[in-house]
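Undergrad: Turn this into a model:
(2 chains)
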Amino acid sequence: MQQKRGVIAMRIRWDLEHVYLYLVSFVALILIIIGAVNLTQTAIAYLTPGYDYSGPYGPGELSRDLEQWEERFGAEFIADEKDRYETLLEENQRRRLTRDLVSGLAFIGVAAPVYVYHWRKIGRLESEDN
Amino acid sequence: MAKAWSIKNLYYYLVCLVTLFMFVGGAISSVNSAMQIILPDEPNVPIFYTYYPDYRAEFERPVFDPPLLEELEARRAEQENMDDYYRGYSTRRLLNSMAFMIIAAPVYIYHWRRIGLAAEEGGDSDEN
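TA: Predicted structure coming up:
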């Protein structure tokens, strides 16, 4: 038992360098996970597009003076306005998804080299120690 | 590398840890800000948001008397220009993020080198 404890104590290195390398690897891994979650959420948003409930043509706003606008400026004007709004909305959603995609990739792209470098360093140190 | 639990080594490693992740955070934030500049949202102001009916006590219903279409379009253009103005903050955010990287990098490099020097001076012993 005493010998077994001794072997374990030899394997666990609590020196500053090990603690530092493990801490950096831990935080970098968490950043990679956040990036992966962001990418997954972006993919979900892409596959399940939402509806603009709070916009001027959403159900909550439909009654709002639209009839009066239509009476004053004509149905064609309202239809053109709706087209303009929805086209811009769709383009903006596409831009937002692209930005979210790049953001997720940035998390992974920046954190991954940090993680790989420090994790390999741990491996090298431990093989040297053994 | 220095391994011993001395206050000096602990300080060097802590500074490296913090500045490294300041750099990482700055880099991620820079990419996000750059994307806001490269691929911004187009202003999208519905014409209905440029005029609101007057609510007056003497009338039962709000008075709907909008100005001419040209005036409404001018109001919309003004509101959309305001959106453009707020978008100018993306440039400031990008510079702020780059400041994190530019300031953290030399601090990290200096302290990382000090760790190496401390090891050479005999600070890598676990017995300190």
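Undergrad: OK, contacts around residue 106?
TA: I'll assume chain A. By CB atoms under 8 Å, 6 or more residues apart in numbering or on different chains, the contact set of residue A:106 is A:35, B:27-28, B:31-32. C-beta coordinates here come from the backbone N, C-alpha and C atoms, glycine included.
Undergrad: try again with chain B
TA: Listed by CB under 8 Å, 6+ apart, the contact set of residue B:106 is empty.
Undergrad: Name the single longest helix found in the chain.
TA: You didn't pick a chain, so chain A it is. In chain A, taking DSSP state H as the definition, the longest helix is helix A:75-129.
Undergrad: hmm, I had chain B in mind actually
TA: Under DSSP H, chain B gives helix B:7-38 as its longest helix.
Undergrad: so after that helix, what's the next helix or strand?
TA: Toward the C-terminal end, the helix or strand that comes next after helix B:7-38 (DSSP states H and E) is helix B:69-87.
Undergrad: show me where pLDDT drops low in the chain?
TA: With no chain named, the answer covers chain A. In the predicted model, chain A carries pLDDT under 70 at residues A:1-12, A:51-54, A:58-65, A:130.
Undergrad: my bad, chain B
TA: Within chain B, the ranges that satisfy pLDDT under 70 run B:1-2, B:58, B:122-128.
Undergrad: Spatially central, which residue of it would that be?
TA: Within chain B, one residue has its C-alpha closest to the average C-alpha position: by CA atoms, centre = their mean, that is residue B:93, at 4.0 Å.
Undergrad: Can you give me the distance of that one to residue B:26?
TA: Distance check for residue B:93 against residue B:26: by CB to CB, to the nearest Å, it reads 11 Å.
Undergrad: Repeat that for residue B:54.
TA: As judged by CB to CB, residue B:54 and residue B:26 stand 50 Å apart.
Undergrad: and if you look at residue B:37?
TA: Separation of residue B:37 from residue B:26 (CB to CB): 16 Å.
Undergrad: ditto for residue A:87
TA: Distance, residue A:87 to residue B:26, by CB to CB: 36 Å.
Undergrad: and if you look at residue A:93?
TA: Distance from residue A:93 to residue B:26, counting by CB to CB: 28 Å.
Undergrad: if you count what's nearby, which of the two comes out ahead?
TA: Neighbours were tallied for residue A:93 and for residue B:26 using other CB atoms under 10 Å in any protein chain shown; the higher tally belongs to residue B:26 (21 against 16).
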